[in-house]
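S.K.: Just need the structure, nothing else, for what follows:
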Amino acid sequence: MRLIQRFGPRTLEREWGEEIIIAETPQYLGKLLKMRAGTQGGLQAHRIKEETFFLASGRAIVVHDDGQGRLLETPMGPGESYHIPPGAVHQVKACLDCVFIETSTPVYEDRVRCEELYGLRADSGLPTTYVETSVDDASSSQSESTKSVED
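M.R.: Numbers count the residues shown, from 1 in each chain. You can find the predicted model right below:
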């Protein structure tokens, strides 16, 4: 018989607020993200990490590539959720104080900053932790790694 395990959440201070890790297993990661109004994360993509975030309270803007190399700003309200597959360029801006619930694959050191691709300055957010030639390579790397696992 398997037994339940207590998990001790841990809080990471970020320039935009707090990232509270509420679950961590080999299969998934759960976080509570508290963003202060007027702050934002960096414009980024992930090579392998896949995530979904749910806005529990507040108002935000999700910045994302439209697939044609243009950035769109989509308003986000409480009760809305977005899935971010590997390679998808994204950024979150908090219009009001926000609380997000994020679930993802437990992949670390997989952040590719994307401001330069759009001629923007990197004013906020964490730095690149994985260097690659393009975000498109990120999606194909994920497809190749998935393919090799399935073969």
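S.K.: Roughly how far does the closest residue to residue 64 other than its chain neighbours sit from residue 122?
M.R.: Setting aside the residues directly before and after it, residue 64 is nearest to residue 90 in space (Cβ to Cβ, 6 or more residues apart in numbering), at 5.0 Å. All C-beta atoms are positioned from the backbone trio N, CA, C, and that covers glycine. According to Cβ to Cβ, to the nearest Å, residue 90 and residue 122 sit 15 Å apart.
S.K.: Show me which of those two is the more surrounded one.
M.R.: More crowded of residue 90 and residue 122, by other Cβ atoms under 10 Å: residue 90, with 21 against 15.
S.K.: confidence score at the more buried one?
M.R.: Model confidence at residue 90, given as pLDDT, is 97.
S.K.: Show me the helices in this protein, by range?
M.R.: Ranges of helices within the chain are 135-150, based on DSSP state H.
S.K.: so where's it shaky on pLDDT?
M.R.: 124-125, 130-151 (pLDDT under 70).
S.K.: centroid residue for it?
M.R.: residue 51 (6.0 Å; Cα atoms, centre = their mean).
S.K.: Any idea what that residue is bridged to?
M.R.: residue 84, residue 104 (DSSP bridges).
S.K.: From what I see, it and residue 104 are in contact.
M.R.: Yes: counting by Cβ atoms under 8 Å, residue 51 touches residue 104, with 3.7 Å between them.
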